[in-house]
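Chemist: quick one: sequence plus predicted model below, questions after.
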Amino acid sequence: MRSFANALVNNNDPQTSSLLKTLWLSNILPISRRGWDALADVICNETTITTIYNSNHMLQNICHSEDNLPNKLVSNLRLNRNKNKNEVIRSKVLRYFMNGIGIIQDFNKIELKIWPQIIDMTGKIDTGQPVFYQLVRSIPSLSK
């Protein structure tokens, strides 16, 4: 299941017309907790803000004979149903901080190429100004 989940990593380009949005797994062997966790990590890899940004935001449904999908997987599938993928990413990043996983210093690790999108997202959040202020203050070269 982990290998299969890894194959879904590149299922995230909205310009591609043949994206997988529903995954039918009802006729295969039972899936272990590690297998479900691997799939959940592809949908929202909470290692860093960059990995969240690069996660699969297209897969929306998993049909499986067992209805006991992990909560993290189910909540991310629900988020992915939103057509506005910037909103999906924003929600995943906010949850990353609200759950205590992320710290403001994580902004220092963001890949340069996605900075404009992240800054754009934080500016549109109701609490975005304090987040952006903290972001700027956390960059050593700017806080002198």
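Modeler: That came through fine. Residues are numbered from 1 along each chain as shown.
Chemist: go through the host helix or strand of residue 91 and flag the buried ones.
Modeler: Assigned by DSSP states H and E, residue 91 falls within helix 85-98. Under the neighbour-count criterion of 16 or more other Cβ atoms under 10 Å, helix 85-98 has 88-96 buried. For every residue, glycine as well, the C-beta is placed using N, CA and C.
Chemist: mind checking the pLDDT average for it?
Modeler: On average, the pLDDT along helix 85-98 is 80.
Chemist: ranges for the helices of this protein?
Modeler: 2-7, 33-43, 49-53, 71-80, 85-98, 115-124, 128-138 (DSSP state H).
Chemist: could those helices go into TSV alongside distance to residue 22?
Modeler: Shown next, in TSV, are the helices of the chain (distance: least, Cβ to Cβ, whole Å):
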stretch	distance to residue 22
helix 2-7	15
helix 33-43	13
helix 49-53	22
helix 71-80	10
helix 85-98	16
helix 115-124	27
helix 128-138	33
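Chemist: so which of the ones you listed is nearest residue 62?
Modeler: Of all the helices of the chain, helix 71-80 sits nearest to residue 62, with 6.5 Å by Cβ to Cβ.
Chemist: that older thread, for residue 71, state which of the buried residues of helix 85-98 is nearest.
Modeler: Set against residue 71, the nearest of these by Cβ to Cβ is residue 95 (12.1 Å).
Chemist: measure that closest one to residue 79 for me?
Modeler: 9 Å (Cβ to Cβ, to the nearest Å).
Chemist: could you point out which of the helices of the chain sits nearest residue 60?
Modeler: helix 71-80 (4.8 Å).
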